[in-house]
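**Q** sequence first, predicted coordinates after that:
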Protein chains: 2
Amino acid sequence: MANRKITIWDVAEKAGVAPGTVSRTLNNIGYIKEETRLKVMEAIKELDYIPNRAGRTLKTTRTGLIMLAIPDTANAIFVGMIEAVNECAKKRRHSMVLYYTEGKLEGELKAVRMLQENLVDGLFLVNFSYSDELRKEIERCDSPIVLCGMCNNPWMKEEEKTFGTLSIDVYKGIYSSTQEMIRNGHKKIAYLAGEYGTIVYKQRYDAYCQALRDHGIEYNEDYVFWKNYTQEHGYEVGKKIYLMKDRPTAMVASNDLQAVGFWKACKDYHIQVPKDIALYGMDNLEITQMLDISSIQMQEGMVGEAGANLILDCLENKNEDIGKVDLYFRPTLIQRKSSS
Amino acid sequence: MANRKITIWDVAEKAGVAPGTVSRTLNNIGYIKEETRLKVMEAIKELDYIPNRAGRTLKTTRTGLIMLAIPDTANAIFVGMIEAVNECAKKRRHSMVLYYTEGKLEGELKAVRMLQENLVDGLFLVNFSYSDELRKEIERCDSPIVLCGMCNNPWMKEEEKTFGTLSIDVYKGIYSSTQEMIRNGHKKIAYLAGEYGTIVYKQRYDAYCQALRDHGIEYNEDYVFWKNYTQEHGYEVGKKIYLMKDRPTAMVASNDLQAVGFWKACKDYHIQVPKDIALYGMDNLEITQMLDISSIQMQEGMVGEAGANLILDCLENKNEDIGKVDLYFRPTLIQRKSSS
């Protein structure tokens, strides 16, 4: 496409030295006479030569990049994390690249392999799985990794781990919102669950169940709706509730996307929020602020900043052992019109 | 962190061959006896050796990655683009990584340099600047680039270019929404402009002015509000209009973020939309759908898919000259309650 690319051989020829000398000059390896170094630098400037990063990586093992791997951006909660990691990386003279795992083990493994292959210097992985396979691949890495599972990380506090962990106490979050509904006098409290069988959504569901139990409210399986964490699921559940004979009077959603979808269905089917049904979301997305839906602030900005700083500390040798690091974040309730 | 990393030398020792033979086997270069190849592959398997991608990149010049560089994710319009590029890359056995330029020349140059340094195989750059410096760097790349400026790309249709261009006819979009307001009987039409001096927002502003001119409506500079493309700007302008003696009866925003901020201010200051002031956004974000704000559908999914396919065609040698490619997308009006 462009003209022929200038190579290290062109520089060597122009400077009248061997290609190896150019390479040693570029990578600061071994002794180079100042006079030779100047000749090489001049040739580089004249030819406008771009050193091949892949070549340099072999020597220096640094790319200046850290990778943030997240499931997707459909959920705006990751946007706050992205901004924090990006800002942090920039401040400390690194660049962030982003990779989407789609919340699947396959994607998470791929992110880890990019780190193993030195495409980036460090990895901040938001993982949804805790499989042995993922763990094995992570432990083969020479470069710093932090994991954030958007839940209470079951790998936290383990003795032998080689990666940092960031946890968000979602259990506490859902427990609080369910309890808040109970305190407001609700007895028929429905629950918008996520994907059945995933640890992330199991913790949230357990918290809902525990709050009911602790307050002597009987569990009703007709009021629990499993599927996934999307707006569409929330909307579908809204439709179902519209058709129910014995409707719940409160709805706890396991995230804001579901809550927004549910809110929309209520609007379309003339169910009044909070008069007919109170509603709590989780994540405190901007859209729930706009729609006056109560939610839970997850501290995703703080999580992003802490994770990025850990990785960068490690790269700058300020942190001896990232495996000993476990950070814990506690979400807070934000009460709005939808639950009052 | 982990145990000592297995290197090519370990593999060579185990297989009883020279390190160069291992390298040639891995990279499929030159003639290798089948017996030797098998010995090497077996040693790799036994040692669980991970080839260093940086080393391979030098030989094959392929990473399997394409980069999408966008200004940020504060604007949800990029989310549709991200999804499309990601999907397309995956289908064709590549991975997408994302980089944020922050809409600044510095960030755009950095993305181009990552391509020059072979960190990725191809680049899809959403650029806001059209400087000579950016162009010069782009033309030094050996790898495929497409540019999408979220406007009518001034580099389109140039004879000598080495990059593909994707354009969105935003001029047409803003012209249509302004015209729609005029057809609905409005004469006092305000305009929420973006950043003064950027080509992206100049085109939109020109379209607004031209629509007024074409319909004999006098331009009123008190009704034009420059600053940036954020929700905050929209909100501020809403406050200003609340305090105005001679209020406009319609507002054309140059994007949806502004429109949403403006809508929020109207709500807070009891200005009724559309009774007191009609409103048009641009981008057709989900949130404008939720709030019943009229907007303009930008086709960002189609743009993403087209750009990714162009790059991948080029990498698979299905496309001879990406510089000859110019694709043009036309947005469409979506009318909702806010402008009726």
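**A** Arrived safely, thanks for sending.
**Q** where does the stretch 51-200 of chain A dip in pLDDT?
**A** Filtered on pLDDT under 70, the stretch 51-200 of chain A yields the residue ranges A:52-61.
**Q** for it, which segments count as strands?
**A** With DSSP state E, counting those that start in this stretch as the definition, the stretch 51-200 of chain A shows strands at residue ranges A:65-70, A:95-100, A:122-126, A:145-148, A:164-168, A:189-192.
**Q** let's have those strands in JSON lines, adding mean neighbour count and distance to chain B.
**A** Any C-beta I mention is one placed from the backbone N, CA and C, and that applies to glycine too. Output for those, formatted as JSON lines (neighbours: other C-beta atoms under 10 Å in any protein chain shown; distance: least, C-beta to the nearest C-beta, whole Å):
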{"stretch": "strand A:65-70", "mean neighbour count": "26", "distance to chain B": "7"}
{"stretch": "strand A:95-100", "mean neighbour count": "24", "distance to chain B": "4"}
{"stretch": "strand A:122-126", "mean neighbour count": "26", "distance to chain B": "11"}
{"stretch": "strand A:145-148", "mean neighbour count": "26", "distance to chain B": "9"}
{"stretch": "strand A:164-168", "mean neighbour count": "24", "distance to chain B": "11"}
{"stretch": "strand A:189-192", "mean neighbour count": "27", "distance to chain B": "18"}
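**Q** domain map for chain A?
**A** Following automatic domain parsing, chain A resolves into domains at A:8-60, A:65-167+A:300-331, A:171-298+A:335-339.
**Q** need those in CSV (columns: distance to residue B:172).
**A** Compiled in CSV, the domains of chain A are given as follows (distance: least, C-beta to C-beta, whole Å):
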stretch, distance to residue B:172
domain A:8-60, 39
domain A:65-167+A:300-331, 28
domain A:171-298+A:335-339, 29
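**Q** out of the ones you listed, the one nearest residue B:301 is which?
**A** Counting by C-beta to C-beta, residue B:301 lies closest to domain A:65-167+A:300-331 out of these; the figure is 13.3 Å.
**Q** roughly how far is that closest one from the heart of the chain?
**A** The chain centre lies 7 Å from the centre of domain A:65-167+A:300-331; the measure is C-alpha atoms, centre = their mean, to the nearest Å.
**Q** relative to residue A:141, how far out is the closest residue to chain B within the stretch 101-250 of chain A?
**A** Closest approach of the stretch 101-250 of chain A to chain B (C-beta to the nearest C-beta) occurs at residue A:117, with a separation of 3.3 Å. Computed with C-beta to C-beta, to the nearest Å, the distance linking residue A:117 and residue A:141 is 10 Å.
**Q** and residue A:150, by the same measure?
**A** As judged by C-beta to C-beta, residue A:150 and residue A:141 stand 21 Å apart.
**Q** kindly report the same for residue A:79.
**A** 27 Å.
**Q** please apply the same query to residue A:228.
**A** 31 Å.
**Q** name the element the nearest residue to residue A:144 once chain neighbours are set aside belongs to?
**A** Once flanking residues are discounted, residue A:144 sits nearest to residue A:314: 3.8 Å by C-beta to C-beta, 6 or more residues apart in numbering or on different chains. When secondary structure is defined using DSSP states H and E, the element that contains residue A:314 is helix A:300-315.
**Q** hmm, back to that, turn the strands of the stretch 51-200 of chain A into a markdown table, including distance to residue B:131.
**A** Conversion of the strands of the stretch 51-200 of chain A to a markdown table gives the following (distance: least, C-beta to C-beta, whole Å):
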| stretch | distance to residue B:131 |
| --- | --- |
| strand A:65-70 | 24 |
| strand A:95-100 | 20 |
| strand A:122-126 | 32 |
| strand A:145-148 | 37 |
| strand A:164-168 | 40 |
| strand A:189-192 | 49 |
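**Q** closest one to residue B:24 among the ones you listed?
**A** Taking the strands of the stretch 51-200 of chain A one by one with C-beta to C-beta, strand A:65-70 is closest: 29.1 Å.
**Q** returning to what we had before: after the helix holding residue A:314, next one along is what?
**A** Scanning forward in sequence from helix A:300-315, with DSSP H and E defining helices and strands, the next element found is strand A:326-329.
**Q** check whether that next one contacts chain B.
**A** No. Legend: contact between strand A:326-329 and chain B by C-beta under 8 Å from any C-beta of the partner chain is lacking; minimum distance shown is 15.9 Å.
**Q** ok, stretch A:330-340 next?
**A** No. Stretch A:330-340 lies out of reach of chain B by C-beta under 8 Å from any C-beta, never closer than 12.8 Å.
**Q** residues in contact with that stretch: which ones?
**A** Outside stretch A:330-340, the residues within contact range by C-beta atoms under 8 Å, 6 or more residues apart in numbering or on different chains are A:168-170, A:172-173, A:176-177, A:180-181, A:184, A:250, A:263, A:273-274, A:278-280, A:282, A:284, A:288-289, A:291-299.
**Q** straight-line length of it, end to end?
**A** With C-alpha to C-alpha, to the nearest Å applied, stretch A:330-340 spans 23 Å between its terminal residues.
**Q** which strand or helix spans whichever residue of the stretch 201-340 of chain A sits closest to chain B?
**A** Taking C-beta to the nearest C-beta as the measure, the point where the stretch 201-340 of chain A comes nearest chain B is residue A:287, at 5.8 Å. In this structure, residue A:287 sits in helix A:286-290 according to DSSP H and E.
**Q** what's the neighbour count on residue A:290?
**A** 17 (other C-beta atoms under 10 Å in any protein chain shown).
**Q** which residues touch it?
**A** The contact partners of residue A:290, taken as C-beta under 8 Å, 6+ apart, are B:260, B:264, B:287, B:290, B:291.
**Q** how close does the second one get to residue B:231?
**A** Read that as residue B:264. Residue B:264 sits 8 Å away from residue B:231 when distances are taken as C-beta to C-beta.
**Q** check contacts around the closest residue to residue A:92 other than its chain neighbours.
**A** Computed as C-beta to C-beta, 6+ apart, the closest residue to residue A:92 that is not its neighbour in sequence is residue A:312, at 4.8 Å. With C-beta under 8 Å, 6+ apart as the criterion, the residues that contact residue A:312 are A:66, A:88, A:89, A:92, A:94, A:122.
**Q** the second one against residue A:304, yeah?
**A** Yes. Residue A:88 is within contact range of residue A:304, at 7.2 Å (criterion: C-beta atoms under 8 Å).
**Q** check contacts around residue A:36.
**A** If a contact means C-beta under 8 Å, 6+ apart, then residue A:36 has A:15, A:17, A:21, A:25 as its contacts.
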